[in-house]
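> I would like the atomic coordinates for the input below:
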Amino acid sequence: MTTLGTYADIDVTLDDYVATITIQRPPHNFFDFNLICSIADAFEDLDKNDDCRAIVLTAEGKSFCAGANFGGDDAIDKEDDSKPEENAFRRRSGRLYGEAVRLFKAKKPVVCAVQGAAIGGGLGLALVGDFRVTCPEARFSANFSRLGFHPGFGLTHTLPALIGQQKAHLMFYTGRRIKAEQAIEWGLADIIVPKEELLKTATELAREIAGSAPLAVQSIRETVRQGLGDLVQAATDRELQEQEWLLKTADAKEGIKATAERREPNFAAK
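Numbering: from 1, shown residues only. Have a look, this model is predicted:
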């Protein structure tokens, strides 16, 4: 096994044509611009590495990724203090979604090993993968409406495309958490195994993919995912526009506060 490069908050190794990218922000692996940028950099570097034919994306800790953390010390916030504060969210999120688009435009097939919660933008990150291997402890949720907010990370395209519009609508409108067994039934995940077998099973799938002709796999993938990066770009443009005004509403403030206080929100349509 070979360790590849130095990336912030992720570990990247390569063994027998399979690269493993491990997110290292336990316990819940909240993401920001810097983390998504690190993963996108690793994806692009692996695209250029002929010894990599497939990627496993996994995470340390309780959650796979419990969503975005915009409250941290993100360098993007400091890039231009002369810009109006009211544009800070658009600048920050726009750059973040640019990195998300880079993930969807990468060339090598990806297997996500989802060992816990994939929530909000974390669900969006899980849908970057071609396949999802999961376990009974995992939960999947597009919880944005419970925050008074709008989905992001391209989910308004990727989730309906994967599980169908009606099931996606149900997840978007209710914010409910989908258990692993139902995720398998809906096609949101592909394989369920005991948690202790999760990474091994995901790696076995990636190694099986790596055993096929790599140029043929990439060619097939490019055909079946044709234009996906552009579709995600269009989705994130719309998502950002809606997120920007919704974030200013009283309902968004209430949703975020209620979530922090672990209580039911009291929305007022304001």
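
> quick one: residues contacting the residue found closest to residue 128 once you drop the neighbours it is linked to in the chain.
Counting by CB to CB, 6 or more residues apart in numbering, the nearest residue to residue 128 once its immediate chain neighbours are dropped is residue 103, at 4.7 Å. For the C-beta atoms, the positions are set from N, CA and C on the backbone; glycine is no exception. Shown here is residue 103, whose contacts under the criterion CB atoms under 8 Å, 6 or more residues apart in numbering are 36, 39-40, 43, 125, 128.

> inside strands: which ones of those residues?
Cross-referencing the contacts of residue 103 with the strands (criterion: DSSP state E) gives no overlap at all.

> CSV for these, including neighbour count, distance to residue 194 and pLDDT?
Formatted as CSV, the contacts of residue 103 follow (neighbours: other CB atoms under 10 Å; distance: CB to CB, whole Å; pLDDT from 0 to 100):
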residue, neighbour count, distance to residue 194, pLDDT
36, 24, 30, 97
39, 26, 26, 98
40, 20, 31, 98
43, 24, 29, 98
125, 27, 23, 98
128, 24, 24, 98
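
> distance to residue 257 added to these, as JSON lines?
Below are these laid out as JSON lines (distance: CB to CB, whole Å):
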{"residue": "36", "distance to residue 257": "26"}
{"residue": "39", "distance to residue 257": "30"}
{"residue": "40", "distance to residue 257": "32"}
{"residue": "43", "distance to residue 257": "36"}
{"residue": "125", "distance to residue 257": "25"}
{"residue": "128", "distance to residue 257": "30"}
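
> quick check: the farthest pair among the residues you listed?
43 and 125 (11.9 Å; CB to CB).

> still on that earlier bit, so which of the contacts of residue 103 comes closest to residue 198?
residue 125 (16.5 Å).

> helices of the stretch 1-150 of the chain, start to end?
All helices of the stretch 1-150 of the chain, identified by DSSP state H, counting those that start in this stretch, fall at 33-47, 88-105, 121-126.

> out of those helices, deepest packed?
Counting by mean count of other CB atoms under 10 Å, helix 121-126 has the highest mean neighbour count of the helices of the stretch 1-150 of the chain, with a mean of 28.

> quick one: list the elements packing against that one.
If you count contacts as 3 or more CB pairs under 8 Å, 6 or more residues apart in numbering; DSSP states H and E, helix 121-126 packs onto strand 110-114, strand 139-141, helix 155-163.

> mind checking which of these is nearest residue 132?
Among these, strand 110-114 sits nearest to residue 132 (CB to CB), with 4.8 Å.

> tell me the strands beside that closest one, with direction?
Based on DSSP bridges, the strands next to strand 110-114 in the sheet, each with its direction, are strand 54-59 (parallel), strand 131-134 (parallel).

> tell me, how many neighbours does residue 223 end up with?
As a burial measure, residue 223 scores 8 neighbours (other CB atoms under 10 Å).

> could you look up the SS state of it?
In the three-state summary, residue 223 is assigned as helix, counting by DSSP: H, G, I helix; E, B strand; the rest coil.

> that one and residue 159, how far apart?
Here the distance between residue 223 and residue 159 works out to 22 Å (CB to CB, to the nearest Å).

> strands of this structure, start to end?
Going by DSSP E, the chain shows strands at 2-3, 10-15, 18-23, 54-59, 110-114, 117-119, 131-134, 139-141, 178-179, 191-192.

> now the angle from the second one to helix 33-47?
When you say that, I think you mean strand 10-15. Regarding strand 10-15 and helix 33-47, their directions subtend 20 degrees when assessed with axes from the mean of the first three to the mean of the last three CA atoms, to 10 degrees.

> please save the CA atoms from strand 10-15 in PDB.
Below are the C-alpha coordinates for strand 10-15, written out as PDB (Å, rounded to 0.1, in the frame of the first residue of the first chain):
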ATOM      1  CA  ILE A  10      -8.100  13.300   4.000                       C
ATOM      2  CA  ASP A  11      -5.800  10.300   3.700                       C
ATOM      3  CA  VAL A  12      -5.100   8.900   0.200                       C
ATOM      4  CA  THR A  13      -3.600   5.400  -0.300                       C
ATOM      5  CA  LEU A  14      -3.200   3.200  -3.400                       C
ATOM      6  CA  ASP A  15      -3.100  -0.600  -3.400                       C
END
